[in-house]
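Asker: fold the stuff below for me.
(one chain, ligands or ions: 1)
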Amino acid sequence: MRRLVRACFSGSEGYSYAKSAEDVAREHGIDRVARLASNENPRPPSPAAVEAAAVALQAANRYPDTRAAPLIDALRRYHGDYRFVTGVGMDGVIETVIRTVVEPGEAVVVSTPTFSFYGLAAAAHGARVINVPRREDFSVDPEVFIEACRGAKLAFLCSPNNPTGNSVLPEMVEEILEEMEGLLFLDNAYIDFADIDYRPLMRRHENLVLGRTMSKIFALAGLRVGYAFVPEWLEPFYHRAATPFALSSVSAAAAVGALADTDRVRETCDHVKQWRQRFLDEVPFRTYPSDANFVMIDVAPRTGDEVVERLAARGVLVRSCTSFPGLGNRYIRVSIGEDWENVRFLEAAKNL
Ligand SMILES: *Cc1c(COP(=O)(O)O)cnc(C)c1O
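Answerer: Modelled structure (predicted):
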């Protein structure tokens with residue numbers, strides 16, 4: 001019956017996941033694995049988020065608010081007067097934006113190497129994916145990117161970029177926005193760890209979407225909450241394209257609680273910035289400066305896969321970057337974890 005499956009799924013592997021911590025623990029007989037493979041927040045969610053979710057759970061017999069209005073209001077309090085849409089993770093937002101604007105056969109541009117889901121989701125919707133390589137130092141060449149965007153309705157740019165960690169300056173984003181006719185989806189999953197603000201660009205450009213997630217600094221990865229700043233014209237069409245009631249009421253309530261706990265956000269950010277610098281200073285391999293909660297490391301002449309295995313044997317789970325299209329096999333990506341996890345990683349890296 002496999003012949004029934006669409007070619008885009010039967011012929012490729014799909015999204016590549018890191019090994020699970022449970023599998024690593026079992027394989028190597030280790031009690032507690034340092035989980036540094038998925039850029040999560042190592043601390044549990046804010047108590048405010050947990051409480052709000054528990055209250056919402058008691059009313060879970062009802063469908064959620066159709067437009068997640070309480071979450072939108074909380075986002076306006078947090079960010080100011082912008083237009084927002086929500087989704088099941090930023091992944092859900094990405095998919096819905098593609099559904100809203102891209103017809104089968106149309107071009108979708110992706111700046112690579114980067115997060116693989118843009119290309120996978122676009123291909124699954126029948127789009128023609130055009131990968132535009134970054135320069136050798138992983139910076140974006142705006143002219144090459146703009147040229148590739150000619151005739152495309154949608155382009156993806158990740159900043160800070162996963163897995164390389166570097167950002168694109170707002171001035172360069174603005175240059176791209178002025179030149180391109182289509183919509184630019186700027187993925188800001190890690191923006192809270194960077195000292196950059198792209199939000200003012202929303203006031204000046206009608207072709208910009210800023211993708212955000214509650215999975216990283218807000219510690220809600222398991223609840224799948226994403227959202228985006230969108231231009232006014234896009235909002236009603238996004239809602240037509242979206243799955244009805246996609247975001248659960250419990251998840252939305254947790255997000256409202258997490259957004260209110262600004263102290264916790266600041267603590268997380270300080271913790272990440274301190275450790276990020278220590279990683280750059282102490283890892284005995286070539287590291288890349290990062291604006292995110294992870295650091296990419298060049299482990300040549302070893303391969304990323306080999307180093308992931310060796311670190312796993314020492315109870316440290318990190319991500320090999322081999323599955324990121326266009327990056328080659330010599331990089332690993334290591335998330336900033338709790339103190340004990342980071343210490344264990346540094347010791348293991350020094351003894352490789
Ligand atoms: C984690 C991540 C996301 C997805 O976040 P979810 O909200 O958990 O779906 C999107 N983009 C990038 C670059 C990410 O690293």
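
Asker: dump the residue contacts of Asn39.
Answerer: For Asn39, the residues meeting the contact criterion (CB atoms under 8 Å, 6 or more residues apart in numbering) are Asn162, Tyr190, Lys216, Ala292, Asn293, Phe294, Arg333, Ser335. To be clear about C-beta, it is placed using only N, CA and C from the backbone, and glycine gets the same treatment.

Asker: now, of these, which are buried?
Answerer: When neighbours are counted using 16 or more other CB atoms under 10 Å, those contain these buried positions: Asn162, Tyr190, Lys216, Ala292, Asn293, Phe294, Arg333, Ser335.

Asker: could you redo those residues as a markdown table and give each row secondary structure?
Answerer: Listed next are those as a markdown table, based on DSSP: H, G, I helix; E, B strand; the rest coil:
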| residue | secondary structure |
| --- | --- |
| Asn162 | coil |
| Tyr190 | coil |
| Lys216 | coil |
| Ala292 | coil |
| Asn293 | coil |
| Phe294 | strand |
| Arg333 | strand |
| Ser335 | strand |
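
Asker: list the contacts for the residue of the chain found nearest the ligand?
Answerer: With CB to the nearest ligand atom as the measure, the residue in the chain that lies nearest the ligand is Gly89; the distance is 2.5 Å. Contacts here follow CB under 8 Å, 6+ apart; on that basis Gly89 touches Thr213, Ser215, Arg224, Val225, Gly226.

Asker: list the contacts for the first one?
Answerer: Okay, so that is Thr213. Thr213 is in contact with Gly89, Met90, Ala189, Val225, Gly226, Tyr227, counting by CB under 8 Å, 6+ apart.

Asker: residue ranges for the helices of the stretch 151-300 of the chain, please.
Answerer: Listed in chain order, the helices of the stretch 151-300 of the chain (DSSP state H, counting those that start in this stretch) span 170-179, 200-204, 235-241, 249-260, 262-282.

Asker: among the contacts of Thr213, which one has the most neighbours?
Answerer: The most neighbours of any of these, using other CB atoms under 10 Å, belong to Val225, which has 31 neighbours.

Asker: biggest separation within the contacts of Asn39, which pair?
Answerer: Across the contacts of Asn39, the two members that end up farthest from each other (CB to CB) are Lys216 and Arg333, 13.5 Å apart.

Asker: adding pLDDT and distance to Leu36, write the buried ones among the contacts of Asn39 out as CSV.
Answerer: Shown next, in CSV, are the buried ones among the contacts of Asn39 (pLDDT from 0 to 100; distance: CB to CB, whole Å):
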residue, pLDDT, distance to Leu36
Asn162, 98, 14
Tyr190, 98, 15
Lys216, 98, 14
Ala292, 98, 13
Asn293, 98, 10
Phe294, 98, 8
Arg333, 98, 9
Ser335, 98, 4
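
Asker: please list which of these are also close to the ligand.
Answerer: Filtering the buried ones among the contacts of Asn39 for proximity to the ligand by CB under 6 Å from any ligand atom leaves Asn162.

Asker: kindly present the buried ones among the contacts of Asn39 as TSV, with separate columns for distance to Met180.
Answerer: Compiled in TSV, the buried ones among the contacts of Asn39 are given as follows (distance: CB to CB, whole Å):
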residue	distance to Met180
Asn162	22
Tyr190	23
Lys216	27
Ala292	25
Asn293	29
Phe294	29
Arg333	29
Ser335	32
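
Asker: give me every residue that touches Arg344.
Answerer: By CB under 8 Å, 6+ apart, the contact set of Arg344 is Ala34, Arg314, Gly315, Val316.

Asker: wait, a helix at it?
Answerer: Yes: according to three-state DSSP, Arg344 belongs to a helix.

Asker: then stretch 271-286 to PDB, C-alphas only?
Answerer: Presented in PDB, the C-alpha positions along stretch 271-286 are these (Å, rounded to 0.1, in the frame of the first residue of the first chain):
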ATOM      1  CA  HIS A 271      22.200  32.400  32.600                       C
ATOM      2  CA  VAL A 272      22.400  31.600  28.900                       C
ATOM      3  CA  LYS A 273      24.700  34.600  28.100                       C
ATOM      4  CA  GLN A 274      27.100  33.700  30.900                       C
ATOM      5  CA  TRP A 275      27.500  30.100  29.900                       C
ATOM      6  CA  ARG A 276      27.500  30.900  26.100                       C
ATOM      7  CA  GLN A 277      30.600  33.000  26.700                       C
ATOM      8  CA  ARG A 278      32.200  30.200  28.800                       C
ATOM      9  CA  PHE A 279      31.600  27.700  26.000                       C
ATOM     10  CA  LEU A 280      33.200  30.100  23.500                       C
ATOM     11  CA  ASP A 281      36.200  30.600  25.800                       C
ATOM     12  CA  GLU A 282      36.700  27.000  27.000                       C
ATOM     13  CA  VAL A 283      35.600  24.500  24.300                       C
ATOM     14  CA  PRO A 284      38.900  23.200  22.700                       C
ATOM     15  CA  PHE A 285      37.500  23.300  19.200                       C
ATOM     16  CA  ARG A 286      36.600  26.100  16.700                       C
END
